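1. Sequence plus predicted model, see below.
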Amino acid sequence: MQQKKLGMKKKTAFAILITMILRPAAFHAQDIERLEERLDTLSNEVETLDKVVKQLSKFKVSAYLQGQFQYGQKDATLKVGDTNENPEEGYNRIGIRRGRMKFEYNDGMGTGAVQIETNDKGVSFRDLYIGIKDPWTKRNRLMAGIFNRPFGYEVSYSTSNLESPERATVIQYFFPDERDLGAMLTLRAPEESPFSFLRLDAGLFAGNSINPETDNRKDFIGRLGATKPIGNLAQWGLGFSYYNGSVYNPTMKAYEMEGAKFRVIEKDKTGTFMKREYFGLDAQLTVFSDFGKTTFRAEGLWGTQPGISGSSKSPNYSSRPVNNDANALYERPFLGYFFYLIQDIGISPFSAVFKYDAYDPNTNVKEDEVGREYSMTTATDLAQSTIGIGGMYRINKNIRLQCYYEFNQNEKSANLNGYSADRKDNVLTVRLQYKF
């Protein structure tokens, strides 16, 4: 009997031992199964997150803000704040020169972009376009909407990178807002081609800046450019631009130069057009050395520009001008040119800037020829030039401090009140920019 009980105890102990051995193995199998389920779930989550990240990487937001202080002599025109409250004294203003935010979505072939402008004068927009690249090389593109006009180098050079506070005078006059409504084709050879350094931009534009189109005419703008490195020591660029368009004339008279005076052209109706035609050359050279990066840029424009008696600027109105003598067009032969010399100070965050800017709105008349009674010329026909000297301090990759002084000079004429001597219109600008 005792032997039977002993046998039973041994069997029970053996069963307990087997259970203890097998139970962890069962639990381990369950843990492995649960772990595999969690890994599958995690893998799906990672795959979903990867898709989301890829979609978000196609969407880009960039912005920059420029706050500035300006001091101007009594005749100066500042870019922030109101006009001078005391015309006999110099004045100063603080304000937001530019605050821009750009939203862009790029899926590799297609691009859509919107850029908003905010400053102390209000809110508007700048870019509003779509672009489609060719599916093979992705180096050719068709753009439509509102975007930078393809003329010269400085028009499309971002003001967040510009070494002077503003673009050159002739650029401000002839390309207000820099952008226009239109469609443009960009052509570039494949990267392996010996002509890959060339780029052709050409398009048709409304000719009225960012404002709505007001007539049936379209302007042609094109630029052929080349950019190429010289080893690791330097890089050069060249470009030739052409503009062929027209300006709406609301009156039955127009004026064109004949020698040193304007002559009247009688029109048989209102709503005719005068041709505007620009030619442009631009060049860039960057050299790398122990003294720091040295950059030289130069650009020149010449041709004919229709403007009104009181201004040689290109039109950027939101509606057609009315039939009024003050809106009659005057066609002027012009010349504008400018160049920059920017020298980085070694590897420091400092750069020195020198700029010369000249604009002659009417090359047919000079000095005392302007303003003669029979000539119908006005202060609009006087040439002007600017020597700019400044410096930049890149505090970090996002923040830049800029200080710049402009010595403005105007052509003098004894026939025009206020222009018998050089006007007092020099300007000091101190700007702090944050870019991200």
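-> Sure thing, it's come through.

2. Please identify the helix or strand for the residue nearest the centre of the chain.
-> Residue closest to the average C-alpha location in the chain (CA atoms, centre = their mean): residue 158, at 3.6 Å. Counting by DSSP states H and E, residue 158 is held by no secondary-structure element, helix or strand.

3. gap between it and residue 301?
-> 20 Å (CB to CB, to the nearest Å). C-beta coordinates here come from the backbone N, C-alpha and C atoms, glycine included.

4. Run a quick neighbour tally on residue 38.
-> 10 (other CB atoms under 10 Å).

5. Sorry, wrong one. I was asking about residue 165.
-> By other CB under 10 Å, the burial measure for residue 165, its neighbour count, is 22.

6. Tell me the pLDDT of the residue nearest to the centre of the chain.
-> With respect to pLDDT, residue 158 scores 95.

7. wait, doesn't residue 320 sit right on residue 214?
-> Yes. Judged on CB atoms under 8 Å, residue 320 makes contact with residue 214 at a distance of 4.7 Å.

8. Now list whatever residues contact both of these two.
-> Taking CB atoms under 8 Å, 6 or more residues apart in numbering as the contact rule, residue 320 and residue 214 both touch residue 248.

9. quick check: domain ranges of this structure?
-> Annotated domains of the chain cover 1-57, 66-435 [automatic domain parsing].

10. what's the least confident stretch among those domains?
-> Mean pLDDT is lowest for domain 1-57 out of those, coming in at a mean of 63.

11. Past the helix or strand harbouring residue 118, which element shows up next along the chain?
-> Following DSSP H and E, the helix or strand that holds residue 118 is strand 110-119. Elements were assigned by DSSP H and E; along the chain past strand 110-119, the next helix or strand is strand 122-133.

12. Each with direction, which strands does that following strand pair with?
-> In the sheet, strand 122-133 lines up against strand 110-119 (antiparallel), strand 141-148 (antiparallel) (DSSP bridges).

13. any idea how far the first one is from the chain center?
-> With CA atoms, centre = their mean, to the nearest Å as the basis, the distance from the averaged C-alpha position of strand 110-119 to the chain average is 11 Å.

14. Next, the buried residues of it.
-> Residues 111, 113-117, 119 are the ones in strand 110-119 that count as buried (16 or more other CB atoms under 10 Å).

15. from the residues you listed, which is closest to residue 137?
-> Nearest to residue 137 out of the buried residues of strand 110-119 is residue 111 (CB to CB; 15.8 Å).

16. beta partners for the closest one?
-> Going by DSSP bridges, residue 111 is paired in beta bridges with residue 106, residue 131.

17. Please apply the same query to the one 4 residues further on.
-> Beta-bridge partners for residue 115, by DSSP bridges, are residue 102.

18. any idea how far it lies from residue 73?
-> If you go by CB to CB, the gap between residue 115 and residue 73 works out to 34 Å.

19. again, but for residue 367
-> 22 Å.

20. Check residue 244 too.
-> 39 Å.

21. Confirm that residue 78 sits in a strand.
-> No. Looking at residue 78 with DSSP: H, G, I helix; E, B strand; the rest coil, it is coil, so not inside a strand.

22. The residue nearest to it when sequence neighbours are not counted: helix or strand, and which one exactly?
-> Leaving aside its sequence neighbours, residue 78 sits nearest to residue 70 (CB to CB, 6 or more residues apart in numbering; 4.6 Å). Assigned by DSSP H and E, residue 70 falls within strand 59-72.

23. Show me what that strand is in contact with.
-> 78-81, 84, 90-106, 159-160, 165, 425-436.

24. Please identify the pairing partners of it and their relative orientation?
-> Using DSSP bridges, strand 59-72 pairs in its sheet with strand 91-106 (antiparallel), strand 427-435 (antiparallel).

25. roughly how far is it from the heart of the chain?
-> 13 Å.

26. quick one: the helices in this structure?
-> 2-57, 169-174 (DSSP state H).

27. Could you tell me how far the shortest one lies from the centre of the chain?
-> Going back to what we said before, that points to helix 169-174. 14 Å.

28. Packing partners of it?
-> Other elements packing on helix 169-174 under the criterion 3 or more CB pairs under 8 Å, 6 or more residues apart in numbering; DSSP states H and E are strand 294-307, strand 330-344, strand 350-360.

29. For those strands, could you give me JSON lines that also reports mean neighbour count?
-> Below are the helices and strands packed on helix 169-174 laid out as JSON lines (neighbours: other CB atoms under 10 Å):
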{"stretch": "strand 294-307", "mean neighbour count": "20"}
{"stretch": "strand 330-344", "mean neighbour count": "20"}
{"stretch": "strand 350-360", "mean neighbour count": "19"}
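
30. could the ones you listed be laid out in a markdown table, adding distance to residue 200?
-> Output for the helices and strands packed on helix 169-174, formatted as a markdown table (distance: least, CB to CB, whole Å):
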| stretch | distance to residue 200 |
| --- | --- |
| strand 294-307 | 18 |
| strand 330-344 | 24 |
| strand 350-360 | 28 |
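
31. Quick one: closest of those strands to residue 383.
-> strand 350-360 (3.9 Å).

32. The closest one: how far from the chain's middle?
-> For strand 350-360, the distance to the chain centre is 18 Å (CA atoms, centre = their mean).

33. try stretch 65-78
-> For stretch 65-78, the distance to the chain centre is 21 Å (CA atoms, centre = their mean).

34. Quick one: end-to-end distance for it.
-> Stretch 65-78 has its terminal residues 18 Å apart, counting by CA to CA, to the nearest Å.

35. hang on, the earlier thing: quick check: which of the strands paired with strand 59-72 is nearest to residue 125?
-> strand 91-106 (9.7 Å).

36. Identify all contacting residues around that closest one.
-> 58-72, 74, 76, 78-82, 84-85, 111-120, 126-127, 159-160, 165, 431.

37. Could you identify which of the domains of the chain is most buried?
-> The highest average neighbour count among the domains of the chain, using mean count of other CB atoms under 10 Å, belongs to domain 66-435 at a mean of 17.

38. Quick one: the strands in the stretch 201-350 of the chain, in order.
-> 219-230, 234-249, 253-258, 261-266, 272-287, 294-307, 330-344, 350-360 (DSSP state E, counting those that start in this stretch).

39. thinking again about what came up before, now the strands paired with strand 122-133 in a markdown table, with distance to residue 407?
-> Below are the strands paired with strand 122-133 laid out as a markdown table (distance: least, CB to CB, whole Å):
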| stretch | distance to residue 407 |
| --- | --- |
| strand 110-119 | 26 |
| strand 141-148 | 29 |
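
40. Can you check which of those strands gets nearest to residue 398?
-> With CB to CB, the closest approach to residue 398 among those belongs to strand 110-119: 18.5 Å.

41. Please enumerate residues in contact with that closest one?
-> Outside strand 110-119, the residues touching it (CB under 8 Å, 6+ apart) are 80, 95-105, 123-133.

42. That'll do, ta.
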